Structure formats: structure tokens, C-alpha cells
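Novice: sequence below, structure please.
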Amino acid sequence: MKTTAKIENIRNIGIIAHIDAGKTTVTERILYYTGRSHKIGEVHNGEAVMDWMPDEQERGITITSAVTTCQWQNTEIHIIDTPGHVDFTIEVERSLRVLDGAIGVFSAVEGVEPQSETVWRQADKYNVPKMAFVNKLDRIGADFIGTVQMITERLNAHPLILQLPVGQEDNFNAIIDLIEMKQIVWDDDTLGSEYEEQEIPAELAATADEYRDKLLETIAEHDDDIMEAYLAETAVDTSALLAAIRKATIDMKIVPLLCGAALKNKGIQPLLDAITQFLPSPVDIPPIEGMHPETGEMIQCHPKDSEPLAALIFKVSMIEGRKLSYIRIYSGKIASGGEVFNPTRKEKEKIARILNMHANRRERVTAAGAGSIVGIVGLKNSSTGETLCSQKHPLLLEKIEFYEPVISIAVEPKTHADQEKMDTVLAKFMAEDPTLIVRKDEDTGQTILSGMGELHLEIIISRMLREFHTNVNVGRPQVVYRETIEKPGATTIVFDKEIAGQRHFAEVSIKMVPLPRGSGNKFVSEISNDVLPDLYMAAVEKGVWESLESGSQMGYPVVDVEVRLTNANYKESLGTELAYTVSASMACKDAMRAGNSFLLEPIMTAEIFVPEAFIGDVIGELNSRGGKIESIEHKAGAQVINATVPLSQMFGYSTNLRSATQGRGTFSMQFSHFDRN
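Specialist: Residues are numbered from 1 along each chain as shown. The predicted structure follows:
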């Protein structure tokens, strides 16, 4: 396979969706039809190329985003297959940060599910142009038009229907291409490798004409030439139509929508055509901007090999004990054996090897240029979210935002040998996964592991044993709370002590005021530097922020408060930074107690699919867990319950739900906000 391609012929795309919508199945077909794989790997058999981790193969879900490269019609497509489970949302977040386009895969049975909304919003945040692929049209309960309506309503998107299914459920056997106005039929004997274009059957001609007219009407709103032809009722040139769809897609005005059934090998080749035709190359999107680390000047990074290097590390993986860094090169190029500069750490790093990735397999290349997504070996200290550049032309790209963990467990080694390995293994996992936090509890001496959900932590424990042969005992999951105050609290603290022969004096008065939920924390000084010099003002602020990291009630982080410095006393010969830092910290703790501090717990939004016969039992179970029913909708023979519920009450819920619904109920849950229960 070629190691380089013209930048206009590169597509960096991600496959995003809710769990079990068929992302990995779609990706496996793409790899097969592009010749990248020689057989189709099935998720349910544990043979999917992109789900290479043993835990992924056993569970039939994607846990970590996997990168691969394939060729289609002289276009080099870099694909990231992302997880669909909410516990691994960070994998989607950091992938979308470096991608130029995305394909949202939707099950025609379930439609737009909660995690589909989450990943779609993530793509919107990074201004990533998108296409939609309505999958599973062969399944019982498939509803193509219903799914399109849900995409419009729930995602606030503007889908442009380019294909219509011929038949649904068991009768689904072909699609109608509304651009070429042909019917496409796949040959089951060749696993869908061969397909034939036919005339549209007479009984479907009127429907095809209707949707073709809607397509032209929609595109005419975004292209003057198409508008003229549409109003004049003259034939629209296909190449002009494709160009207009491409421009509107890249401008995020529309979402081209295609359909098929990946498991039955139908609809994938037209999807590949659409990727090359409609999704942008690195030169089609605005150049990314970076900031000069010293001057603060904003610098544009144009996607050319001749420009200075600008690359972002978006993922770190520890495979077989070696550190592999995944990078997106925005401008410039790198070469094996060359040096790069990390402006965050102000360090040079050496590139030992450059790799084209194919899930967990890799091909060595000597160099990589602008637009490429590659793996590199040799970086010692650089980590996720950091920039690589040239030392002569330093710049900092915008960092990747990481999520706060919401659930914790205590882990302890089973043997002395495990003790020695555990800390090293956990450090490797933290290097891979920024949403995994490891800390020592000073009161109990326990090692506390915090993550995004029960499954997230379960996978970490499984990998510790499987990959690193480290046995640990696990305590019951603990929820990570937050603390805040009920009413304003004020206090004055005088710190006057002799430490190591030096007297330290400070006096500060602080008022702490509650803010609306989700406001964050603020520090405000109501005194001038005549009362307190800037040096000690900074020390007070440092003490305040340090104090807010640990509340007065149970030591959880404090949120949604405003701390006001209302007065201070300063004695010139005795005042020290230490004294003001300590007194401010003590004053915050006192003000919290005076303000009646209380705990906020993570509240989750849950969507539960329940067969109608069991809805009473499921609602009763939710009520007993402190859940609040927001809405109940009817869909595809089931009831969909939308509810909010405290995370602390949801441990073991999946087992209870299966028991109450004879194994037929399913649910998904994602973090909503912190609140008082």
C-alpha cells in the first residue's frame, strides 16, 4: 500500500454512534471491500480486526478507538473506529479533535440513541462535517423514515436523503441511488463484493421522483446554479450536483444520508464513494490555529509539508510495554530518526519509528507529512493533548478537554509481588487514559481508582490481570461527590506562628457565597493593593484554590461558590506568603462550615427500552432508586423511559432490569450534572 498520498486525496474520518448501532461492522466491510482485509471479521464471532483487544472480542463491544488506513478510488482513507459506550466517551472526544469528517451510524430499529446524541454534539463542538448511515434495515422493526425524522429532531441536523431502501426488514434487498436514479442490487454469493445497477422498478418510480425532487429543492437553497436549473425545470448536471452537495456538507449546512445493512453486506461501496465525494480533505477545512508559547501570537498552520511542523498527540497506547503515541500532523512533516520539540514541557524528543496503523498491526514508514494520522515510537515524556513542533517555530495547539471521573473503587494487591507491579501498571493505564485517576487515600492508605463508569473500571481490572498478570482485590464502587454550600458564610482568620525561628503573620476575612448549579468557582478581591500587596494577594488566592480542592465535610472538591476577600491585615515585617496561603485556606474551610456545606452527587440521565408488558415493574424499580421519570415514549413495540437517577443508586441495575424483563430490557446511562438528591 502507498505510504503517502497527495493531501487532496486524504480523508481523515471517524465512525461514531451509540453502542451496537453497527460501527465496527461497517468498518470491517470497508476494510474488506477496499482490499485491506482478506476476510470479513464479525463482531459476534470475536474476529473483528478493529476490536483486537481480548476484552473487546469477549464482550462484542469497542473499548478503545482503533486507527486504520485503506485506499478507495485513489483516495487514502484514515479511519478511526470509536467506542459507543458512554464510559469510553473520551476515546470519541480525542478522536474527533483530530478528524476532518465523521460518519454517524444509526440503527434503523432504535434510531437516535443517547450516546448518538453525545457523539454528534462532540462532533459539532469541533466543527466536524458529518454524513449519516442508516444501518440494520434488514432487522425486524426497522423504520428508515422514522430514523430520518429522529435525526432531524433530536440532533437538530439537516439530513439530505441520497438513497432510499427497497423493502424493509426481511424484504430489504436493494437501495435506490437518488443522484444517478438507479437501483443498486448486491450479489449475496460474493459477500456483497459484486453489485449491479438496474433501472428503478416502475412501482417505485413515483417515490424515487418525489425524493429526488426533495433532494434538488434542498440543495438549491445552498447553490445558485442548482437553483436556476431547478426553477427552470431543466436537467441538473450530476457533477454540478455532487460539487454542490460536497460544498454544503463541508460548510455543515447538510448531512448526506445513506442507508444499508452492513451485516448483510449491502450499502458499503456507495458509502465509500460518498466519503471520497463529500467529506473534506485536510485542505478543504480552515487551517488550525496555534499560539506562540512566548508572545501569545496566534499562528495559522496551513496543511503543507513545506510549512513548520504542527502535530497533536491525541492518544497514547502502551502495547507490550512500549509507548506508542498517535499523532495528527496538521502542517510540516516528520522523519524517522528526526527530532521534534514539545513546547509544553520545553523538551526535545526523538522519533525512533513512524508507523501506519492497522488496529494493533503496523507498517513502518520513513516519513509522514501534513494531513497524516500515524503512530510514533520514541517519545519518552510527551503525553495526550500535547503539541509537537519545530524548536525554531514553537507553537501550542489547543489542548483536548478531559472529563471528570464519576465513580471510584478501592484496589489492593493480592500478594507482595503484585504490590510491586500494581503502581507501575496503573501509571501505564493513566498514561493511556486521561479519564482514569489513581490516588492514595491518606486516611485509609487505600489506592483509589476513579473512572467514567462501572464498565470502564471493570475493563481496567480485567486488563491488569490479562495483560500484566497483576492480581488485585476490588472494593465496592464509591461515587465521587462534590461539595458546596447552602447559604453565605463569612469568617476572619488570624495566623500568627513562629516556624523554624521566623514569625509568620497574616489576617484575612473571607465571605463565601453559593452560586447557581454548574457555575463553577470564582475568586474576587474586594480590597485594593494598598491594603494588601500583590505578592500576598496572590498567596491568598493560591490558598483559596487549594482549599477548594478538598471540602470541609468529606474532602470532595468544592463547586459553585464565589470566594470574596473582604478584608486583610498586613504587618510589613511579619507578613509572609506562607502565612497568607495558610490563613486563606483555613478561612475557606471555616466559611464552608458556616455556610452549611452539603454533598452534591452525580445525577445520570437514563434511557430504558422496556417491552410493554414489564413497564410497571421497571417504573417501580426506578422509583425505589430515587429516579424521576421525565417521559415515556412508544417505539418499535417497546416503551422508552427517559429518567434522571442518582448514580449511587444505579449499581447492579443492569442485573435487576434483565431479571424484571426476562432479559429483554436494555438501558443506557450518561452523566448529566451534580445535584442534591
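Novice: C-alpha only now, for contacts and for neighbours.
Specialist: Fine.
Novice: quick one: end-to-end length of stretch 174-184, please.
Specialist: For stretch 174-184, the separation between the terminal residues is 6 Å (C-alpha to C-alpha, to the nearest Å).
Novice: mind listing what's buried in that stretch?
Specialist: Of the residues in stretch 174-184, 174-179, 181-184 count as buried by neighbour count, 16 or more other C-alpha atoms under 10 Å.
Novice: and those residues, which two are the farthest apart?
Specialist: A174 and I179 (15.4 Å; C-alpha to C-alpha).
Novice: what is the end-to-end distance of stretch 128-142?
Specialist: 28 Å.
Novice: what lines up beside the lengthiest strand in the chain in the sheet?
Specialist: Criterion DSSP state E: the longest strand present in the chain is strand 597-611. If you go by DSSP bridges, strand 597-611 pairs up with strand 482-485 (antiparallel), strand 638-646 (antiparallel), strand 666-675 (antiparallel).
Novice: what sits up against the last one?
Specialist: This points to strand 666-675. Under the contact criterion C-alpha atoms under 8 Å, 6 or more residues apart in numbering, strand 666-675 has outside partners 86, 114-115, 481-482, 517-518, 600-610, 654, 657-658.
Novice: repeat for stretch 232-250
Specialist: 129-131, 179-180, 219, 222-223, 226, 229-230, 254-256, 277-280, 284-285.
Novice: repeat that with 6 Å
Specialist: 129, 254, 278 (C-alpha atoms under 6 Å, 6 or more residues apart in numbering).
Novice: tell me, how many residues neighbour the last one?
Specialist: Applying other C-alpha atoms under 10 Å, we find 23 residues neighbouring F278.
Novice: list the contacts for it?
Specialist: R246.
Novice: relative to E572, how far out is it?
Specialist: From F278 over to E572 (counting by C-alpha to C-alpha), the distance is 69 Å.
Novice: for this structure, what helix or strand is lowest in average pLDDT?
Specialist: When the helices and strands of the chain are scored by mean pLDDT, DSSP states H and E, helix 54-59 comes last with a mean of 48.
Novice: next secondary structure after that helix?
Specialist: strand 66-72 (DSSP states H and E).
Novice: pLDDT weak spots in the stretch 351-500 of the chain?
Specialist: 359-360, 403-404, 406, 441-445, 477-478 (pLDDT under 70).
Novice: which residues in it form helices?
Specialist: Along the stretch 351-500 of the chain, the segments classed as helices by DSSP state H, counting those that start in this stretch run 416-432, 454-468.
Novice: would you format the ones you listed as CSV with distance to N567 and mean neighbour count included?
Specialist: Below are these laid out as CSV (distance: least, C-alpha to C-alpha, whole Å; neighbours: other C-alpha atoms under 10 Å):
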stretch, distance to N567, mean neighbour count
helix 416-432, 42, 16
helix 454-468, 46, 16
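Novice: now render those helices as TSV, adding distance to F671.
Specialist: Putting the helices of the stretch 351-500 of the chain into TSV (distance: least, C-alpha to C-alpha, whole Å) gives the following:
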stretch	distance to F671
helix 416-432	21
helix 454-468	13
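Novice: just the buried residues of the longest strand of the chain, please?
Specialist: 597-611.
Novice: now flag whichever of the residues you listed is closest to M150.
Specialist: E607 (15.3 Å).
Novice: ok, and the closest non-adjacent residue to the closest one?
Specialist: In this structure, E607 finds its nearest non-sequential neighbour in N642, 4.7 Å apart by C-alpha to C-alpha, 6 or more residues apart in numbering.
Novice: touching, the one you found and E630? I think so.
Specialist: Yes - checked against C-alpha atoms under 6 Å, the pair N642 and E630 is within contact range at 5.4 Å.
Novice: and R364, how far is that from K350?
Specialist: From R364 to K350 the distance is 16 Å (C-alpha to C-alpha).
Novice: and P270, by the same measure?
Specialist: The separation that P270 has from K350, given C-alpha to C-alpha, amounts to 42 Å.
Novice: now E28
Specialist: Counting by C-alpha to C-alpha - E28 and K350 are separated by 34 Å.
Novice: T644: how many residues sit nearby?
Specialist: Neighbours around T644, by other C-alpha under 10 Å: 21.
Novice: in the stretch 51-200 of the chain, where is pLDDT below threshold?
Specialist: 51-66, 83-90.
Novice: all strands for it, in order.
Specialist: Shown for the stretch 51-200 of the chain, the strands assigned by DSSP state E, counting those that start in this stretch span residues 66-72, 75-81, 101-107, 130-135, 159-161, 163-166, 174-177, 182-186, 195-198.
Novice: contacting residues around the fifth one?
Specialist: Looking back up the chat, that one is strand 159-161. 254-257.
Novice: centre of the chain to that strand, how far?
Specialist: Strand 159-161 sits 25 Å away from the centroid of its parent chain (C-alpha atoms, centre = their mean, to the nearest Å).
Novice: just to revisit the earlier point, in a markdown table, list the strands of the stretch 51-200 of the chain along with distance to M357.
Specialist: What follows is those, written out as a markdown table (distance: least, C-alpha to C-alpha, whole Å):
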| stretch | distance to M357 |
| --- | --- |
| strand 66-72 | 5 |
| strand 75-81 | 9 |
| strand 101-107 | 19 |
| strand 130-135 | 23 |
| strand 159-161 | 32 |
| strand 163-166 | 32 |
| strand 174-177 | 33 |
| strand 182-186 | 30 |
| strand 195-198 | 30 |
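Novice: related to what we said a few turns ago, restricted to helices, list the contacts of stretch 232-250.
Specialist: F278 (DSSP state H).
Novice: nearest to Y326 among the contacts of stretch 232-250?
Specialist: Closest to Y326, out of all of the contacts of stretch 232-250 and judged by C-alpha to C-alpha, is P129, at 22.1 Å.
Novice: doesn't G101 make contact with the closest one?
Specialist: Yes - when contacts are counted by C-alpha under 6 Å, P129 is listed as touching G101 (5.0 Å).
Novice: name the element Q553 belongs to?
Specialist: With DSSP H and E as the test, Q553 turns up in no helix or strand.
Novice: ok, the nearest residue to R36 once chain neighbours are set aside - contacts?
Specialist: Leaving aside its sequence neighbours, R36 sits nearest to C70 (C-alpha to C-alpha, 6+ apart; 6.0 Å). Residues near C70 by C-alpha under 6 Å, 6+ apart: 36, 76-77.
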